[in-house]
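> Compute the structure for the input listed below.
(chains A, B and C)
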Amino acid sequence: MPIDLGSGLDGGALMDGVPLIDHHCHGVVSDDLDRESFEALATESNWSAPKGTTTFDSQLGFAIRRWCAPVLDLEPHASPEAYLGQRSRLGAGNVNRLLISASRISTFLVDAGIREETLTSPEQTAGLGGGKSREIVRLERLAEQVAEQGATPSSFIADFEFALETAAKDAAGLKSIAAYRYGLDFEPAAPSEREVREAVDRWLGRQKPEAGGMRLDEPVLLRHILWAGLKLRKPIQFHVGYGDADVDLLRCNPLQLTGWLRATQESGVPMMLLHCYPYQREAGYLAQIFPHVYVDVGLAVNHTGSRSEAVIAESLELIPFHKALFSTDALGLAELYYLGAGLFRRGLARSIAQWINDGDWSRRDAERVARMIGYENAARVYGIEP
Amino acid sequence: MPIDLGSGLDGGALMDGVPLIDHHCHGVVSDDLDRESFEALATESNWSAPKGTTTFDSQLGFAIRRWCAPVLDLEPHASPEAYLGQRSRLGAGNVNRLLISASRISTFLVDAGIREETLTSPEQTAGLGGGKSREIVRLERLAEQVAEQGATPSSFIADFEFALETAAKDAAGLKSIAAYRYGLDFEPAAPSEREVREAVDRWLGRQKPEAGGMRLDEPVLLRHILWAGLKLRKPIQFHVGYGDADVDLLRCNPLQLTGWLRATQESGVPMMLLHCYPYQREAGYLAQIFPHVYVDVGLAVNHTGSRSEAVIAESLELIPFHKALFSTDALGLAELYYLGAGLFRRGLARSIAQWINDGDWSRRDAERVARMIGYENAARVYGIEP
Amino acid sequence: MPIDLGSGLDGGALMDGVPLIDHHCHGVVSDDLDRESFEALATESNWSAPKGTTTFDSQLGFAIRRWCAPVLDLEPHASPEAYLGQRSRLGAGNVNRLLISASRISTFLVDAGIREETLTSPEQTAGLGGGKSREIVRLERLAEQVAEQGATPSSFIADFEFALETAAKDAAGLKSIAAYRYGLDFEPAAPSEREVREAVDRWLGRQKPEAGGMRLDEPVLLRHILWAGLKLRKPIQFHVGYGDADVDLLRCNPLQLTGWLRATQESGVPMMLLHCYPYQREAGYLAQIFPHVYVDVGLAVNHTGSRSEAVIAESLELIPFHKALFSTDALGLAELYYLGAGLFRRGLARSIAQWINDGDWSRRDAERVARMIGYENAARVYGIEP
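Numbers count the residues shown, from 1 in each chain, chains lettered A, B, ... in the order given. Here you go, the predicted structure:
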């Protein structure tokens, strides 16, 4: 009997009744968005599309017009103008509520350490979809805040340690964006105390903390906060692979973390490799080899749209199924929640259905794996209720 | 209603009436080819196949026997012997005319800076298919010609500048083969005047220009001619990825161009990444991030034959659709025109048809994207009529 | 007429009557295995799965339960407990015989240079399946044995040369695990005699040979034994890509062998790139460019299970069909023979059937390529009877 794959993005019978834990996401913009702002949030580029072109002409743009339009009561494939017009008529608040509710995500693990003034808070974000939220502490942002709040070279190390303990107390996990600030090819060993002190001097000396807008890109400190974070024994998320123009993608290959993963293997602290595109196969290899490594392909699912099934299937080649997770990496646009969840449901269901049809998987195992990836793995690793 | 995908390589309804601009190709051999010469042009290898084997046993070889044979009035899957026999009976001139006409390419942007004595000129090449041609100036070859024509260390810089202006006047764009001569990991910054002068001395001192056959592999000069080319504000094509045995593929990853793309982003001069295999996903990332980056997968379409649809589909994951282009990279064999165009039509049509059938794309958007990739993007970027 | 793909893993009509030469494999454990030992052999990880999880939850684990269970007279998708219970009831000897016979491999080229005390010998391994065996000499292990047997710094070079000649006399080929001991980015040139002598001093001085358990990781010696092996003019196998936790996968990209392949191209000695995942496309490129390069995707076929067809298809993009080979890389578990052969048969047959159905390949060529990859290429390169 053929597997019921449902219609649209719901994933059919295989995903039916599978709650989702989005283990890596961000807030959304609660103000109304003009076309330029909307387009800027629908690409990883830091610049506008060339004259005469539009970021709507992309897999993500097509997915928005196809799948989000009906949620806003428009015909599928509505034009960008019609879509943005309706979005504006309904107002950002309603749009956010409609799309995030429709994503049927039950728990949101929110990294609120980026554009925090302009995006909804973790509670607000989850509230828009009637779900629960937990926080993910972005290590670099926390260090910057400590500096911005007046830490001196002599107080910074202790101040950061205190701030981290406080911030992480109720948090589900930590996050590193070393990929953006240096590259994943960082020296894996913990820096010595003296190295850290010298690095603090260099960094705080270079920038005026009181001026605000500190940017942590001092390699020794990037390593120090990782080792400090490790002590808390909460999962540490890493940005891996594809991202915006700040990234040097050649230095965001998850294999560059091999030394770090060896150095931390005995700690048992879970290392969560986020996104990973186009290195999803390399990430799957690491997850098979290292017991503390977990992987998702969140961001890529949204941006590859009609091709997301292929990316999901590749990510499930070497990875043990207890190591794969779901995320949207939604940021700014509520559309990214709806599509991130929907394309994940559909892509996972289609991949698995193929393997059932090929005679490789049993229906029962298939349902079990769908639950594992949908929420059980995240619940176990982060220690949260689904 | 299912999409009509036509029969053979025509791409069916989606490609019907879509003219093609081949934005990167070369001339063909107008002499008759014996088996050894034919096989040598049907592989990127610089050596013969091992004893007892043949380059016909490859995806490209199978595609030639399957798809080109009927154009030459043979049965599909004709044997290599039958194929080459018929090729020889018809004569190279007729074969070239038959295959290039059958490719239905309307405009040919021809890089004539390689084996120029043995290949048809841009006008001749386009004429074989009843199309129009424009030239692409190969920067390295031009620099070599300037040296071969007697430039002295003191005159070279100005001589090259003059030659470039002259050559580029009516050209559609420029081309860099830095990938072949150094690697894409070249230092991105413009070299200083003094560095360039010293490099000219080194290079001209090392080789005897009057002896002909200069080979530009001086890294500083490779960068200098790129920066000189940038001033003309015409699109610059880069060989990226897969190529012949001169290439060190590890140093032809498009991500190694990240520094160059950052350095040139404000200029707005289009950077055209050619071929890109097996880094088509990495190339798509760059095209999404940088407003001035464009991508094709030309060469790989020919050489992957029955697998070319997969390569095309992967290349369309992250790339904005206004950034993807068509090329054949045909060189020497007219077969590469016919297959390059046909496999592209079929692979693009099948990929898109899949996305329509999945409910992701509308038929109207699909037709629009087919036109964009087939010719509109090239027409806009190169400023030419389709 | 649609291609008959058979049922299960037999590959249908296209693989019917195609004998298989497994050109790279190892012995199996002849003792009964408890759950922990079985799971350890069913992953490339050096550690157990995290608490509450099992390595059975992986593509390989699912494939074992699905496809090997019926060979042991269980229902498909038997639980791990049922499977291991039955395995234990039947006894390892019977299980090995059942599974290896069912793999219908005719010839086994066995690398016996790993865990030699605990695994079946080449003859025993082949005997379990009623096939023939030939040996592959692992260069590093041989060098270690020479040291363990008391070679002195002054005798080592000659002792190794003699041992190599003796060991290789009846062997089908040699194998290098430079990937595990250094990386494929080794300096390609042959070291000088003096460099080799100094390296022997360093290596033997560092470890006590009489203590046994020597480990060759001295880079100059790793190169020396390769150049020494080259003189024998037998095929040299290289571990490439994916492997256990000792590997730094970033340094196992086959493209890092480019310098070595250039240096050895004139020798004509076949270089056999093993596994290659996730770099199968890069490996295919090398096989197209260099006349002496051959490729398989053995290990990956087993571990990617239901996804192995995709990996096989990718490996056949650029590679000339006279350069592709079959292997299982089975080690320890007889399951890896049965699945390695079966998934290969099915994946190759399905890939080819797709190309026939697409109108690209003729049935006759398809059958010819299946024979080439199944055994003819290996028979020709290793000079053995199929």
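> And the residue in the stretch 51-200 of chain A that chain C sits nearest to, how close does it get to C:Asp246?
Nearest residue of the stretch 51-200 of chain A to chain C, counting by CB to the nearest CB: A:Asp185, 9.1 Å away. In short, each C-beta sits where N, CA and C put it, glycine included. When distance is defined by CB to CB, to the nearest Å, A:Asp185 is 20 Å away from C:Asp246.
> Helices along the stretch 151-300 of chain A, start to end?
Taking DSSP state H, counting those that start in this stretch as the criterion, the stretch 151-300 of chain A carries its helices at A:156-168, A:178-181, A:193-206, A:219-230, A:258-264, A:280-289, A:298-304.
> Just send those back as CSV, with distance to B:Ser30 and mean pLDDT too.
Formatted as CSV, these follow (distance: least, CB to CB, whole Å; pLDDT from 0 to 100):
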stretch, distance to B:Ser30, mean pLDDT
helix A:156-168, 72, 98
helix A:178-181, 52, 97
helix A:193-206, 64, 94
helix A:219-230, 58, 98
helix A:258-264, 53, 97
helix A:280-289, 45, 98
helix A:298-304, 44, 96
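> To C:Thr125, which of the ones you listed lies closest?
helix A:280-289 (25.5 Å; CB to CB).
> Mind giving me the packing neighbours of the longest helix along chain A?
The helix that spans the most residues within chain A, counting by DSSP state H, is helix A:335-357. Helix A:335-357 is packed against strand A:20-25, helix A:59-63, helix A:92-102, helix A:298-304, helix A:308-315, helix A:363-371, with contacts defined by 3 or more CB pairs under 8 Å, 6 or more residues apart in numbering or on different chains; DSSP states H and E.
> Show me how far the third one is from its chain's centre.
On the basis of CA atoms, centre = their mean, to the nearest Å, helix A:92-102 sits 20 Å off its chain's mean C-alpha point.
> Helix or strand: which one has the closest residue to chain C within the stretch 1-150 of chain A?
Using CB to the nearest CB, the closest approach of the stretch 1-150 of chain A to chain C is made by A:Ile3 at 14.0 Å. According to DSSP states H and E, A:Ile3 maps onto no helix or strand at all.
> surely it meets A:Leu14?
Yes - the criterion here is CB atoms under 8 Å, and A:Ile3 meets it with A:Leu14 at 6.6 Å.
> Report how many residues lie close to the nearest residue to A:Ala245 once chain neighbours are set aside.
Excluding the flanking residues, the one nearest A:Ala245 by CB to CB, 6 or more residues apart in numbering or on different chains is A:Asn46, at 4.4 Å. Residues near A:Asn46, counting by other CB atoms under 10 Å in any protein chain shown, number 13.
> repeat for A:Thr166
If you count neighbours by other CB under 10 Å, A:Thr166 ends up with 12.
> hmm, back to that, A:Asp185 and C:Asp246 - which one has more neighbours?
Ranked by neighbour count (other CB under 10 Å), A:Asp185 and C:Asp246 place A:Asp185 first, with 20 against 12.
> List the contacts of that one.
Residues counted as contacts of A:Asp185 (CB atoms under 8 Å, 6 or more residues apart in numbering or on different chains) are A:251, A:256.
> Can you tell me how far it is from A:Pro191?
16 Å.
> swap in A:Asp246?
In terms of CB to CB, A:Asp246 sits 23 Å off from A:Pro191.
> same deal with A:Leu98?
48 Å.
> and if you look at A:Pro2?
57 Å.
> Between these two, point out the one with more neighbours.
More neighbours surround A:Pro191 than the other of A:Pro2 and A:Pro191, with 19 against 7 (other CB under 10 Å).
> Quick check: residues of chain A near chain B?
A:8, A:43-50, A:52-55, A:57-59, A:62-63, A:66, A:76-77, A:242, A:244-245, A:248-250, A:277-278, A:300, A:303-307, A:310-311 (CB under 8 Å from any CB of the partner chain).
> Just the buried ones out of those residues, please.
The neighbour count (16 or more other CB atoms under 10 Å in any protein chain shown) marks A:43-45, A:49-50, A:53-55, A:57-59, A:62-63, A:66, A:77, A:242, A:245, A:248-250, A:277-278, A:300, A:303-307, A:310-311 as buried among those.
> okay, how far is it across stretch A:41-53, tip to tip?
With CA to CA, to the nearest Å applied, stretch A:41-53 spans 16 Å between its terminal residues.
> could you give the mean pLDDT of stretch A:7-21?
The average pLDDT for stretch A:7-21 rounds to 94.
> ok, now how distant is the nearest residue to A:Pro2 once chain neighbours are set aside from A:Arg350?
Nearest residue to A:Pro2 in three dimensions, chain neighbours excluded: A:Asn357, at 7.2 Å (CB to CB, 6+ apart). According to CB to CB, A:Asn357 and A:Arg350 sit 10 Å apart.
> for A:Val269, same thing?
Note on A:Val269: its distance to A:Arg350, by CB to CB, is 34 Å.
> cool, A:Asn377 as well?
Taken as CB to CB, the span from A:Asn377 to A:Arg350 is 20 Å.
> of the two, who's got more company?
A:Asn377 (25 against 21).
> I'd assumed B:Thr258 was in contact with A:Leu250.
Yes - with contact defined as CB under 8 Å, A:Leu250 counts as touching B:Thr258 (6.7 Å).
> Can you give me the first-to-last residue distance of stretch A:301-315?
Termini of stretch A:301-315 sit 11 Å apart (CA to CA).
> Please give the centre-to-centre distance between that stretch and its chain.
Chain-centre distance of stretch A:301-315: 15 Å, with CA atoms, centre = their mean.
> Ok, stretch A:125-142 next?
When distances are taken as CA atoms, centre = their mean, stretch A:125-142 is centred 11 Å away from the chain's centroid.
> One more: stretch A:339-352?
For stretch A:339-352 - counting by CA atoms, centre = their mean - the centre lies 16 Å from the chain centre.
> Stretch A:22-40 too?
14 Å.
> what's the answer for stretch A:320-327, then?
14 Å.
> ok, now stretch A:107-118?
Remark: stretch A:107-118 is offset 10 Å from the chain centroid, using CA atoms, centre = their mean.
> Next, the buried residues of it.
Within stretch A:107-118, the residues scored as buried using 16+ other CB under 10 Å are A:107-114.
> so what's A:Ala168 up against?
Going by CB under 8 Å, 6+ apart, A:Ala168 touches A:137, A:174, A:229, A:232, A:234.
> Can you name every helix or strand that whichever strand or helix holds the first one contacts?
Right, the one you point to is A:Val137. Using DSSP H and E, A:Val137 falls within strand A:132-138. Packing partners of strand A:132-138 (3+ CB pairs under 8 Å, 6+ apart): strand A:105-111, helix A:122-128, helix A:156-168, strand A:173-176.
> check contacts around the closest residue to A:Gly374 other than its chain neighbours.
In this structure, A:Gly374 finds its nearest non-sequential neighbour in A:Val18, 4.2 Å apart by CB to CB, 6+ apart. Neighbouring residues of A:Val18 by CB under 8 Å, 6+ apart: A:11, A:370-371, A:374-375.
> what's near enough to touch A:Thr264?
Residues near A:Thr264 by CB under 8 Å, 6+ apart: A:230, A:271, A:292.
> number of nearby residues for the second one?
Going back to what we said before, that points to A:Met271. 25.
> Equivalent analysis for A:Ala172, please.
Burial of A:Ala172 is recorded as 25 neighbouring residues (other CB under 10 Å).
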